[in-house]
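Sequence first, then the predicted structure:
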Amino acid sequence: MQFRLLTTGFSSAAMNMAIDESVLDHVASGNSQPTLRLYGWNPPAVSIGYFQSLEDELDLSACERFGVNYVRRVTGGGAVFHDKEITYSIHIPMSLGLVPTDILESYRAVSNGVIFGLRDFGLDVQFVPLNDLILNGKKISGNAQTRKKGVILQHGTILLEVDVDKMFELLKVPDEKMKGKMIETIKERVTSVSAVLLERHAGVDSTENGATDFENLFNKTYDALKNGFCQAFPGVEFVDGGLSESEKSLAEKLAVEKYGSDEWNRKR
Amino acid sequence: MKAIYKVPNGKLLKVSAEADSNRILTDVRIAGDFFTYPEENIELLEKYLVGTGWNEADLTAKIEAFLKENPTEFFGLDVPSLVQTMLSAK
């Protein structure tokens, strides 16, 4: 069985979410192959979960000041600051029977792509239900899934570098007085591929391990994820392919009319 | 009226609600970083709850009736937490 391996580079928040929806639509209609997509965000962006309120979660003036985009996802979960990271999305028709029907088990099955991939770096990542991947007790990846039109869409981020202080400039917290403590707690509970590699290679020239060169790390993680998803779905051949004209056209429309609109982003 | 509640072993739930002078809900908004499948059922539930008495028994019965009619899986959210958060909205 073939899946398309789709590489779309770095896009705006609205376009990234629009491409995911367009691909889902085309996979559902049978006009596109099941797809694994790997991508980045430029400019940096915050995505909020489907059920979150934009005004409750984000300091919009800080977003403007830092040139950070924002977008509502079609998936639940929390707000995510997408900066130095790689994101995957996978679009699998449920009729293929490749992923369990049970929601928790399907998260686990898809997340194996990331877990197996990060083993290329020697990292032993664990799945913690429902949607987190943890390394040495710290979160390194968050994932979110929806099921629409008979297709499972799961997307997730792998943190390559993390800037918790900047993240908290952008995100609102329920109790402003607790902000300092929350920042310290999150710093203790979140890690990144770069941070782990730097710790491991402490004292070694950073150019040796590639941990400080974002582009290098992005490319290495791209290859690792490709390997990881091949292992997670052993009967599947991942073949490089681009967006079809129809997918591009729908994505451009969705980026403007849906994901770039206040109607969508402020709907809750 | 609003309330925020961290669901035990779950996610952060943020509810806003309005009730009339007879303590009947006129508007409900259920937000947070939880997951439901299908997602759209949360919006249907919000509409379904309008007209419900703002008390534990009525809210619980109405939510359970909704879930029977509209099978929904919650992750990071449960019915007692939802009811308690709505009741604590100020």
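Right, received. Where do you want to start?

mind checking which helix or strand of chain A has the lowest mean pLDDT?
When the helices and strands of chain A are compared on mean pLDDT, DSSP states H and E, helix A:206-209 comes out lowest with a mean of 52.

What ranges in the chain fall below the confidence cut-off?
You didn't say which chain, so I picked chain A. Within chain A, the segments meeting pLDDT under 70 span A:202-212.

Near chain B, which residues of it are found?
Residues of chain A lying close to chain B by CB under 8 Å from any CB of the partner chain are A:49-53, A:56, A:74-79, A:103-104, A:130-131, A:144-147, A:174, A:268. Using the backbone N, CA and C atoms, a C-beta is placed for each residue, glycine as well.

6 Å instead?
When proximity is defined as CB under 6 Å from any CB of the partner chain, chain A approaches chain B at A:49, A:50, A:51, A:52, A:53, A:76, A:77, A:78, A:103, A:130, A:174, A:268.

surely the last one meets residue A:53?
Yep, that's residue A:268 we're talking about. Yes. Contact criterion CB atoms under 6 Å: residue A:268 and residue A:53 qualify, at 5.0 Å.

Would you mind listing the residues in contact with residue 52?
Just going to use chain A. Applying CB atoms under 6 Å, 6 or more residues apart in numbering or on different chains to residue A:52 gives the contacts residue B:31.

Switch to chain B, please.
B:25, B:58, B:62.

If you rank the residues you listed by neighbours, which is first?
Counting neighbours by other CB atoms under 10 Å in any protein chain shown, the top entry in these is residue B:25, with 21 neighbours.

mind listing what it touches?
So residue B:25 contacts B:19, B:49, B:50, B:52, B:54 (CB under 6 Å, 6+ apart).

So which of those is the closest to chain A?
If you rank the contacts of residue B:25 by distance to chain A using CB to the nearest CB, residue B:49 comes first, at 15.2 Å.

Is the closest residue to that closest one other than its chain neighbours in a helix, a strand, or coil?
Spatially, and ignoring its direct neighbours in sequence, residue B:49 is nearest to residue B:28 (4.7 Å; CB to CB, 6 or more residues apart in numbering or on different chains). What DSSP: H, G, I helix; E, B strand; the rest coil gives for residue B:28 is strand.

in chain B, which spans are strands?
B:2-6, B:12-19, B:25-32, B:35-37, B:73-75 (DSSP state E).

Which of those sits closest to residue A:45?
strand B:25-32 (20.0 Å; CB to CB).

In its sheet, which strands sit next to that closest one, and in what direction?
The pairing partners recorded for strand B:25-32 under DSSP bridges are strand B:12-19 (antiparallel).

now the residue nearest the centre of chain B, nearest residue through space, not along the chain?
Centroid-nearest residue in chain B, with CA atoms, centre = their mean: residue B:82, separated by 4.5 Å. In space, and not counting its chain neighbours, residue B:82 is closest to residue B:63: 6.4 Å by CB to CB, 6+ apart.

Quick check, pLDDT for that neighbour.
pLDDT for residue B:63: 98.

so how far is residue B:25 from it?
Distance, residue B:63 to residue B:25, by CB to CB, to the nearest Å: 12 Å.

Kindly report the same for residue B:15.
11 Å.

what's the answer for residue A:29, then?
40 Å.

Look up the residues that both of residue A:268 and residue A:53 are in contact with.
Shared contacts of residue A:268 and residue A:53 (CB under 6 Å, 6+ apart): residue B:31.

So between these two, which is more surrounded?
Ranked by neighbour count (other CB under 10 Å), residue A:268 and residue A:53 place residue A:268 first, with 22 against 18.

residues in contact with that one?
Here residue A:268 is in contact with A:53, B:31 (criterion: CB under 6 Å, 6+ apart).

Which of the helices or strands spans it?
According to DSSP states H and E, residue A:268 maps onto no helix or strand at all.

which regions of chain B lie under the pLDDT threshold?
Ranges of chain B meeting pLDDT under 70: none found.

Would you map the helices across the stretch 151-268 of chain A?
Counting by DSSP state H, counting those that start in this stretch, the stretch 151-268 of chain A has helices at residues A:164-170, A:179-189, A:193-200, A:206-209, A:214-232, A:245-257, A:262-265.

Could you export these to TSV, including columns for mean neighbour count?
TSV is the format used below for these (neighbours: other CB atoms under 10 Å in any protein chain shown):
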stretch	mean neighbour count
helix A:164-170	16
helix A:179-189	13
helix A:193-200	19
helix A:206-209	12
helix A:214-232	18
helix A:245-257	16
helix A:262-265	13
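
By neighbour count, sort out the buried ones in the contacts of residue B:25.
B:19, B:49, B:52, B:54 (16 or more other CB atoms under 10 Å in any protein chain shown).

rewinding a little: so which of the contacts of residue B:52 is the closest to residue A:115?
In terms of CB to CB, no member of the contacts of residue B:52 lies closer to residue A:115 than residue B:62, at 41.0 Å.

Now do the lengthiest helix in chain B: distance to the chain's middle.
Using DSSP state H, we find that the single longest helix of chain B is helix B:56-69. On the basis of CA atoms, centre = their mean, to the nearest Å, the separation between the geometric centre of helix B:56-69 and that of its chain is 10 Å.

need the residues of chain B near chain A, please.
Contact residues (CB under 6 Å from any CB) of chain B with chain A: B:4, B:31, B:32, B:33, B:35, B:37, B:39, B:73, B:75.

go with 10 Å
B:2, B:4, B:6, B:10-14, B:16, B:29-40, B:42-43, B:46, B:73, B:75-77 (CB under 10 Å from any CB of the partner chain).

just to revisit the earlier point, find residues that contact each of residue B:15 and residue B:25.
Applying CB atoms under 10 Å, 6 or more residues apart in numbering or on different chains, one finds that residue B:15 and residue B:25 are jointly contacted by B:46, B:86, B:89.
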